[in-house]
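Undergrad: turn this into a structure:
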Amino acid sequence: MVWKPDWVASKDILRRMGWSVVETTMMNSNPPEIEVPLGNFVKMNILFWNCRGALNVDFKRRIFEMVINHHPSIMVITETRVGGDRAARIIEDLPFDGSIVTETIGYAGSLWLLWKTDDVDVMLLSSFEQEIHATVKVHNSDPIWLISTIYARPRLSERRILWDSLKAVAQLHNLPWLMLGDFNEVLSSEDKFGGNQVSLNRTLQFKECSDVCNMLDLGFTGSKYTWTNRRPIFDLILERIDRYFANPSWRILFPEAAMTHLPRTCSNHCPILVELLGSTPPGPNKPFCFHTMWLLHPGFPNIVQEAWTEDGDLQGAILEFVSKAKHWNYNVFGNLFAKKKRVLARINGAQKSLASRPSEFLLTLEKQLIEEYFFNFTPGRGILGTEVKIECSYVWRP
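TA: Sure, this is the predicted structure:
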């Protein structure tokens, strides 16, 4: 695939929009063409979530839980409602060491792009209230591609500004392009249940934007809708407004990429996971899981003492601790992780059924399962549930 842009016109637009990085990295010598590498397969996950407020008491714990379960190298969080120094302090406690943050509009909005620098290089191109644009290079992979993260404002007039901005961005490059976020708009009547009738004019404006950007909807597995107003059945509204789009170049780079709508729990938006190599079954040698709830059990110090002997070496003590801790956890707590997965699977099943056949029974079942999940797997309640994974070969520090 060959890109032959109009370099002179593009440079002027890029300077006015502040896209100096693209200009310096791609336009130094006015090349006649750029080859887009094909067939590069990398294992990397990207996670998107509209959290509805980063000051929620469960916010950090939910982020850590999703990172542990899904291993994202990049995470996009929208509607954090926190910006500036306060956002920086929260991000310092999260398991990412790279970040780009947009400011809030009053007490609403804000968009965070977070990443792990050991996995990817992310370079900011531009950011506005509703969008962040950056280049991404996955380590041990040659291609550089564009990522655009979106939080479309609820007001139609502001979304129109976003659509125009995205159409302008599409004219500035021909990179492989991934666009994801909360677009606050549906593409068709199939994307909505309940509420007012879908506005044909609004959906056509959204579709025109995606067409001009040459975007493909990447589809999904999981529940059909990504947002709910959490009302009783007679007032219930369900919509698919959170999406991943990509242009053909990006899709060719990552033909195995798979999107999953994860269960909704502490937000009325579901997290969305994209796995660039598709979902893969866990390997036989799973890493050892240290559960923080163990520290609150009165019998845990005995396990540590039994594993640690004065004459034993450090490696031997670690292996002995791992063996004893697994056996003790099974006897005291049972298989906690399996229990959590079963509850989440039931929540996911209820939400998928609710999307197909909405009923008061399914709404009640979903609510009960989410309450069970929070009660059993929240520190200080039920049987607790935050895990931190460590490799057995690492030094364990009690």
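Undergrad: for the rest of this, base every contact and every neighbour count on C-alpha atoms.
TA: Fine.
Undergrad: what segments of the stretch 251-398 of the chain are helices?
TA: Secondary structure of the stretch 251-398 of the chain (DSSP state H, counting those that start in this stretch): helices located at 300-307, 314-332, 336-356, 360-376.
Undergrad: nearest to residue 269, of the ones you listed?
TA: Of all these, helix 336-356 sits nearest to residue 269, with 11.9 Å by CA to CA.
Undergrad: so where's the stretch 51-200 of the chain uncertain?
TA: 106 (pLDDT under 70).
Undergrad: where exactly do the strands run in it?
TA: Remark: strands assigned in the stretch 51-200 of the chain by DSSP state E, counting those that start in this stretch are 72-78, 98-101, 111-115, 120-128, 131-138, 145-151, 177-182, 192-193.
Undergrad: TSV for the helices of the stretch 251-398 of the chain, including mean pLDDT and distance to residue 265?
TA: Listed next are those as TSV, based on pLDDT from 0 to 100; distance: least, CA to CA, whole Å:
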stretch	mean pLDDT	distance to residue 265
helix 300-307	83	30
helix 314-332	81	26
helix 336-356	89	8
helix 360-376	90	6
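Undergrad: and of those, who's closest to residue 161?
TA: helix 336-356 (31.3 Å).
Undergrad: buried residues of the closest one, list them for me.
TA: For helix 336-356, burial by neighbour count (16 or more other CA atoms under 10 Å) applies to 336-337, 343-344, 346-355.
Undergrad: now, which of those residues sits nearest residue 139?
TA: residue 337 (30.7 Å).
Undergrad: quick one: that closest one and residue 209, what's the gap?
TA: Applying CA to CA, to the nearest Å, the value for residue 337 to residue 209 is 43 Å.
Undergrad: for residue 220, same thing?
TA: For residue 220, the distance to residue 209 - CA to CA - is 21 Å.
Undergrad: who's more crowded, the two?
TA: residue 209 (21 against 16; other CA atoms under 10 Å).
Undergrad: residue contacts, that one?
TA: 163-164, 166-167 (CA atoms under 8 Å, 6 or more residues apart in numbering).
Undergrad: again, only using 10 Å
TA: Residue 209 sits next to 160, 162-168, 170, 203, 215 when contact means CA atoms under 10 Å, 6 or more residues apart in numbering.
Undergrad: what helix or strand is it on?
TA: helix 200-212 (DSSP states H and E).
Undergrad: buried residues in that helix, which are they?
TA: 202-203, 205-207, 209-210.
Undergrad: helices and strands around the helix or strand just after that helix, which ones?
TA: Downstream of helix 200-212, the first helix or strand assigned by DSSP H and E is strand 216-217. When contacts are defined as 3 or more CA pairs under 10 Å, 6 or more residues apart in numbering; DSSP states H and E, strand 216-217 packs onto strand 177-182, strand 242-246, helix 248-253.
Undergrad: switch the cut-off to 8 Å
TA: Secondary-structure packing of strand 216-217 (3 or more CA pairs under 8 Å, 6 or more residues apart in numbering; DSSP states H and E): strand 242-246.
Undergrad: can you list the residues that contact the strand it packs on?
TA: Contacts to strand 242-246, defined as CA under 8 Å, 6+ apart, come from residues 176-184, 215-219, 226-227, 259, 272.
Undergrad: got it, and stretch 156-163?
TA: By CA under 8 Å, 6+ apart, stretch 156-163 touches 130-131, 152-153, 205-206, 209.
Undergrad: make it 6 Å
TA: Contact with stretch 156-163 is made by 152-153, 209, as judged by CA atoms under 6 Å, 6 or more residues apart in numbering.
Undergrad: swap in stretch 68-82?
TA: 45-50, 52-54, 104, 107-116.
Undergrad: now the residue nearest to the spatial centre of the chain: phi and psi?
TA: Centroid-nearest residue in the chain: residue 47, 1.7 Å away (criterion: CA atoms, centre = their mean). Main-chain dihedrals, residue 47, degrees, to the nearest 10: phi -120, psi 130.
Undergrad: just use 607 as the starting number from now, easier for me
TA: OK, 607 is where the count begins now, so the last one is residue 653.
Undergrad: and it, how far from residue 965?
TA: With CA to CA as the criterion, residue 653 and residue 965 are 30 Å apart.
Undergrad: likewise residue 912?
TA: Residue 912 is 54 Å from residue 965, by CA to CA.
Undergrad: please apply the same query to residue 729.
TA: In terms of CA to CA, residue 729 sits 46 Å off from residue 965.
Undergrad: before we move on, what about residue 651?
TA: 34 Å.
Undergrad: looking at these two, which one has more neighbours?
TA: Set residue 651 next to residue 965 and count neighbours by other CA under 10 Å: residue 651 wins out with 22 against 16.
Undergrad: pop the domain breakdown of the protein in here.
TA: By the assignment in automatic domain parsing, the chain contains the domains 608-881, 895-939+989-995, 943-982.
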